[in-house]
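J.: sequence isn't available, so here's the structure alone:
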């Protein structure tokens, strides 16, 4: 067998053969050594034994990738199976089994292909960082003995230097998911430290401050908006809708008094009061854009949902799509809400305003929280979140400027006058 150094430089992970070598042969995998010469690593005549041996062989030589095929957690509980590469790759294989097929209903415990691909990339980054820091120790020492509090903080600080706050937070989440996964059978190991023992990275503490619009800015952008875009904004402010919520909204979800729909991102029930201003704009839109109660309220010019994600074909993975060059990302995504809102800001002369459409959800949550008798439970239902700390991210300090626009928003939502927002303050 080739040495570790000969194999570690190869990026492609060889696959286990589907058939053995000849009638009485062994299962094998083919690879190229450092000189480019084709070699074979042979395993057992038994398929199951070969799969286990193959997995261990790949882990030993390709521990900087999360594409190792680990179908289960069986096998001897030895030093190799307690290493970070083994645990991380077993975690990825476990998550791969939770990916739901395109077009199928969301079920509890499943994830989309896009989410899985993002998670996998973050695990790969953690493994690559660990390989640079620890070298050969990475595949020789137990995860629990290898990683210290200092190692964790150095890793996160390194990520913070070259990644966005959002990505730092996601890498932090992925690391602790791997730690929790390692506690399960058959691995059953624990790090000697936990999240409370190290510095916090990512999350709410590193989120950038949102630039809440003034009353004048809201009026300016509403004036520049078309009928459909204006309804989007009021749905964002009044009902806390984001891009994906708009893409899933149907007439059946709304009536004069309330709205009721399940937020796909979190799976939590989503319902609440229908504000007169939102209802007025919704009725005006339906008068000129009639559709069945179970049809989507909004579609693109080509008939697609506003936001869609689809797995790439083999041809698209190899040669790219009409708008993107070839890459390993297995999905393609389109967000018409994001695209239209960017154009709307340009029409309104607010190109420099850094916020996307989601700012209306933040503004709406802050305004809703200032109303009488609105507690955390009501705010979580408004946002479709299950935890109060997630809802806290949307609440803004009531500075004089924020207080002014929040009070104006609440007055507008209580009005059934479609054009009340056009009135000047004090007029």
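T.: Yep, it's here. Computed from a prediction, not measured in an experiment: that's the story for all the values here. Numbering: from 1, shown residues only.
J.: am I right that residue 20 is in a strand?
T.: No. Residue 20: not assigned to a strand; according to DSSP: H, G, I helix; E, B strand; the rest coil it is coil.
J.: burial count for it?
T.: Residues within reach of residue 20, counting by other C-beta atoms under 10 Å, total 18. The way it works is simple: take the backbone N, C-alpha and C, and place the C-beta from them, glycine included.
J.: what's the per-residue pLDDT of it here?
T.: pLDDT for residue 20: 88.
J.: over to residue 176?
T.: The confidence metric pLDDT takes the value 94 at residue 176.
J.: now the residue lying closest to it once chain neighbours are set aside: phi and psi?
T.: Leaving aside its sequence neighbours, residue 176 sits nearest to residue 195 (C-beta to C-beta, 6 or more residues apart in numbering; 6.1 Å). Here is the backbone geometry of residue 195 (degrees, to the nearest 10): phi -60, psi -30.
J.: burial count for residue 195?
T.: Neighbour number of residue 195 under other C-beta under 10 Å is 12.
J.: ok, now residue 349?
T.: 11.
J.: was I right to think it contacts residue 217?
T.: No. Using C-beta atoms under 8 Å, residue 349 makes no contact with residue 217, being 10.0 Å away.
J.: measure the residue nearest to residue 176 to residue 133 for me?
T.: Distance of residue 195 to residue 133, given as C-beta to C-beta, to the nearest Å: 20 Å.
J.: domains in the protein, by residue range?
T.: 1-62, 75-206, 215-297+347-422 (automatic domain parsing).
J.: of all those, which lies closest to residue 341?
T.: Of all the domains of the chain, domain 215-297+347-422 sits nearest to residue 341, with 4.3 Å by C-beta to C-beta.
J.: so residue 44 is in contact with residue 50, correct?
T.: Yes. With contact defined as C-beta under 8 Å, residue 44 reaches residue 50; the gap is 4.6 Å.
J.: these two - which one has more neighbours?
T.: residue 50 (20 against 15).
J.: just to be sure, the more buried one is in a helix?
T.: Yes. With three-state DSSP as the criterion, residue 50 is located in a helix.
J.: OK, contacts around it?
T.: 16, 26-27, 43-44 (C-beta atoms under 8 Å, 6 or more residues apart in numbering).
J.: got it, and residue 225?
T.: 233, 344, 348 are the contacts of residue 225 under C-beta under 8 Å, 6+ apart.
J.: mind checking how far it is from residue 350?
T.: Distance, residue 225 to residue 350, by C-beta to C-beta: 12 Å.
J.: cool, and residue 272?
T.: 29 Å.
J.: residue 308 too?
T.: For residue 308 relative to residue 350 (C-beta to C-beta), the value is 27 Å.
J.: just want to know which of the two has more residues nearby.
T.: The neighbour count for residue 308 versus residue 350, taken as other C-beta under 10 Å, is higher for residue 350 (16 against 13).
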